[in-house]
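Participant: quick check, what structure comes out for this input:
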Amino acid sequence: MRINLRISANKELVPFTYQHLLTGAIHKWLGDNQDHGAVSLYSFSNLTGSKLKNKQLDFPDGAEFSISAWDDTFIRKIIAGVMKDKDLICGMHVKEIVLIETPNFSNQELFYASSPVFIKRIEEDRVRHIIYSDADADNCLKETLETKLKIAEIEYDSFEIAFDQSYSKAKTKLIKYKDIDNKTSVCPVVIKGDTIVKEFAWTVGLGNSTGIGFGALK
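Facilitator: From the prediction side, this is the model:
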């Protein structure tokens, strides 16, 4: 299930490192919940509609972003929370909530990200950040998605997932989250196989840390 939130113009300039602020707003709307700190079966996009101003972000015409979750209860909690408190960040507030129906993915294999994909693994007591061009990137994408499918108790047939290496605009992007630099990938992915896996990925996102704004899909 997905909702699209239409947001008012900002009253204060928004820092580039606003991701943790969005995360805080989402947890405010959720209230007391068991999702914080657990494996995230939800994702949310970046804010759209920004303009550069004084080395920060400005949204003179407002913004939009989406929140998706496999469990409809999660989205209903978000909607109830917004109805109680529409404030977002930097003087912005929610003007409208639009429910987005799950598309028919039976003939779709290519998916674009609405927030960069972050993959990490702990190797020999250090954290390794994996990017789209690394040899094991696709295996890591599949491994994480399989873990989430198991947690959600979803039965599915086989599937394959891979970064689209033919995409000419693929790049890495360093994103700071609470003073920690995270090396991420801006690159579409190809998902082949069971349609339910595509639907699941569309809601929960790909890679690690989808619950703090990484790996959401358009």
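Participant: confirm that residue 78 sits in a strand.
Facilitator: No. Under DSSP: H, G, I helix; E, B strand; the rest coil, residue 78 sits outside any strand and is assigned helix.
Participant: so it is in contact with residue 3, correct?
Facilitator: Yes. Counting by C-beta atoms under 8 Å, residue 78 touches residue 3, with 6.9 Å between them. To be clear about C-beta, it is placed using only N, CA and C from the backbone, and glycine gets the same treatment.
Participant: more crowded one of these two?
Facilitator: Using other C-beta atoms under 10 Å as the criterion, residue 78 and residue 3 rank with residue 78 on top: 22 against 19.
Participant: about what we covered before: common neighbours of residue 78 and residue 3, please.
Facilitator: residue 67 (C-beta atoms under 8 Å, 6 or more residues apart in numbering).
Participant: not counting sequence-adjacent ones, nearest residue to residue 50?
Facilitator: Spatial nearest neighbour of residue 50, chain neighbours left out: residue 57 (4.3 Å); criterion: C-beta to C-beta, 6 or more residues apart in numbering.
Participant: so that neighbour is in which element?
Facilitator: Per DSSP states H and E, residue 57 falls inside strand 56-58.
Participant: who's in contact with the very next helix or strand once past that strand?
Facilitator: Sequence order places strand 63-69 as the next helix or strand after strand 56-58, per DSSP H and E. If you take C-beta under 8 Å, 6+ apart as the criterion, strand 63-69 is touched by 1-7, 10, 22, 26, 41-50, 75, 78, 92, 100, 114, 202-205, 216.
Participant: for the longest helix seen in the chain, the distance to its chain's centre please.
Facilitator: Across the chain, the longest stretch assigned as helix under DSSP state H is helix 137-151. Taking C-alpha atoms, centre = their mean, to the nearest Å, one finds helix 137-151 lying 15 Å from the centre of the chain it belongs to.
Participant: which helix or strand lies directly C-terminal to that helix?
Facilitator: strand 159-163.
Participant: angle of that next one against helix 137-151?
Facilitator: Here strand 159-163 runs at an angle of 140 degrees relative to helix 137-151 (axes from the mean of the first three to the mean of the last three C-alpha atoms, to 10 degrees).
Participant: how near is residue 157 to residue 97?
Facilitator: 34 Å (C-beta to C-beta, to the nearest Å).
Participant: right, I'll leave it there.
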